[in-house]
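3D, please:
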Amino acid sequence: MAEIPRDSVQVQAMLRKLADELLDSLKAWDTVAFIGIRTGGDLIARSLVRLLEERTGKRVPVGVLDITLYRDDITRRRAYPEVKSTDIPFAVDGKDIILVDDVLHTGRSIRAAIDHIVDLGRPGRIFLLVMFDRGGRELPIQADFTGMKISLPDEKVIKLEPDAGKESIAGVIISEVKR
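Numbering: from 1, shown residues only. Okay, the predicted model is just below:
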């Protein structure tokens, strides 16, 4: 298995590869919109939209989704989670949504995100794009676009580190799970 990219240069190369895959797969961009799951997915979505707008010359809508209240483990957490805003500045009805997250593991965050999106309207289609797929599914959810498949022990987590302006990805951190 390939080495997990750690710095911004390696991450940018992965983002360019994902942008290429999107351009090859999606021919019409008039109905496409990106929704990033807060916070890692949001960083990736905004970075990809910048790349795609440069390449296509078209404006691509992008929004951010907070799935905190849609999670199925909210009552099992020790501390009450901080709920942040969802900001979808477009109607999802009929759109081809590219749902973006940093890591796909059990599939539960994606399920929560889809539930939230469907509460906002009826998209034409939802594609899933993830930076890292670490396996370990508990739900039958697969990504349509994947930056890299990785293998990590259960006691490790992978997180994206934002740059100082929180506009792009400075690097990737692998750390111990906080329990």
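
Centroid-nearest residue for this structure?
Residue closest to the mean C-alpha point of the chain, counted by C-alpha atoms, centre = their mean, is residue 101 at 1.7 Å.

ok, the residue lying closest to it once chain neighbours are set aside to residue 27 distance?
Distances taken as C-beta to C-beta, 6 or more residues apart in numbering place residue 41 nearest to residue 101, at 4.0 Å, with adjacent residues excluded. Just so you know, the C-beta spots here come from the backbone N, C-alpha and C atoms, and that holds for glycine as well. Residue 41 is 24 Å from residue 27, where distance means C-beta to C-beta, to the nearest Å.

Could you do residue 70 as well?
Distance from residue 70 to residue 27, by C-beta to C-beta: 32 Å.

pretty sure residue 14 belongs to a helix, no?
Yes: counting by DSSP: H, G, I helix; E, B strand; the rest coil, residue 14 is part of a helix.

on that earlier part again, which one's more surrounded, residue 41 and residue 27?
residue 41 (27 against 6; other C-beta atoms under 10 Å).

In contact with residue 90, which residues?
Neighbouring residues of residue 90 by C-beta atoms under 8 Å, 6 or more residues apart in numbering: 33, 61, 63.

mind running it again at 10 Å?
33, 35, 61-63, 97, 120-121 (C-beta atoms under 10 Å, 6 or more residues apart in numbering).

Of those, keep whichever come out buried.
33, 35, 61-63, 97, 120 (16 or more other C-beta atoms under 10 Å).

rewinding a little: what about the residue nearest to residue 101, helix or strand, and which?
Counting by DSSP states H and E, the element that carries residue 41 is helix 40-56.

Give the other helices and strands that that helix contacts.
Judged by 3 or more C-beta pairs under 10 Å, 6 or more residues apart in numbering; DSSP states H and E, the packing partners of helix 40-56 are helix 8-25, strand 32-37, strand 62-65, strand 96-104, helix 108-120, strand 125-133, strand 156-162, strand 169-176.

hmm, back to that, quick one: which of the buried ones among the contacts of residue 90 is nearest to residue 148?
Nearest to residue 148 among the buried ones among the contacts of residue 90: residue 35, at 21.3 Å, using C-beta to C-beta.

gap between that closest one and residue 10?
The gap separating residue 35 from residue 10 is 25 Å, by C-beta to C-beta.

Same question for residue 40.
Relative to residue 10, residue 40 is positioned 16 Å away (C-beta to C-beta).
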